[in-house]
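Trainee: Here's a sequence, model it:
(chains A and B)
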2 protein chains.
Amino acid sequence: MKARVIVTLKNGVLDPQGKAIEGALVSLGVNSVNGVRQGKVFDIEIGQSDAEAARETLTAACEKLLANTVIENYTIEIA
Amino acid sequence: MKARVIVTLKNGVLDPQGKAIEGALVSLGVNSVNGVRQGKVFDIEIGQSDAEAARETLTAACEKLLANTVIENYTIEIA
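Mentor: Got it, this is the predicted structure:
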């Protein structure tokens, strides 16, 4: 079973990497970009056929390792 | 207009970062994970109201900066 976890910074948390990307895009001639925030995506292959069990496994993975829940949110999509 | 760009490694490209995450999850007790591949996500605020124009802007951004198209694929989702 395939799943995708997306980890993004919470609102209000500064994102200097996103700001740098925004500046680079403008200097490369890509205007009309008003804001960029970067996050992480994890494509995970789970050895469980039950979606509910897979979601529990992924929640544990996010809480323990994939996301810093002080400053980041995560969403889990199970395909 | 908000958009999300997801950049992932192409199939066949080695992902040592993903392998390390997979190993770390197993050592943290999250079993039943058979594979992890890490990618990047960009949440972009575009100052264009036309979806077609926004998509063109984002394609230019991906080709010029956000993705290395030799080894990475990108998908553009416009909200």
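Trainee: For stretch A:34-41, buried residues please.
Mentor: Across stretch A:34-41, burial judged by 16 or more other Cβ atoms under 10 Å in any protein chain shown covers A:36-41. Placement of C-beta: from N, CA and C, glycine included.
Trainee: from those residues, which ones fall inside strands?
Mentor: Counting by DSSP state E, these place A:36-41 in strands.
Trainee: Farthest-apart pair in those residues, please.
Mentor: For these, the farthest-apart pair by Cβ to Cβ is A:V36 and A:V41; their separation is 15.3 Å.
Trainee: Which secondary structure state does the residue most central in space within chain A sit in?
Mentor: Per Cα atoms, centre = their mean, the C-alpha nearest to the average position across chain A is that of A:V7, at 2.2 Å. Per DSSP: H, G, I helix; E, B strand; the rest coil, the local secondary structure of A:V7 is strand.
Trainee: Quickly list what it is bridged to.
Mentor: Applying DSSP bridges to A:V7 yields these beta-bridge partners: A:K40, A:Y74.
Trainee: hang on, the earlier thing: CSV for the ones in strands among the buried residues of stretch A:34-41, including pLDDT?
Mentor: Shown next, in CSV, are these (pLDDT from 0 to 100):
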residue, pLDDT
A:V36, 97
A:R37, 97
A:Q38, 97
A:G39, 98
A:K40, 98
A:V41, 98
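Trainee: who touches A:I6 in this structure?
Mentor: A:39-42, A:74-75, A:77, B:41 (Cβ atoms under 8 Å, 6 or more residues apart in numbering or on different chains).
Trainee: what does stretch A:63-78 rub up against?
Mentor: A:1-10, A:13, A:39-40, A:42, A:51, A:54-55, A:58-59, A:62, B:21, B:24-25, B:28, B:30.
Trainee: Next, count neighbours for the residue nearest to A:T57 when sequence neighbours are not counted.
Mentor: The shortest distance from A:T57 to any residue other than its chain neighbours is 5.7 Å, reached at B:S32 (Cβ to Cβ, 6 or more residues apart in numbering or on different chains). Residues near B:S32, counting by other Cβ atoms under 10 Å in any protein chain shown, number 14.
Trainee: can you pull the contacts of B:S32?
Mentor: A:46-48, A:57 are the contacts of B:S32 under Cβ under 8 Å, 6+ apart.
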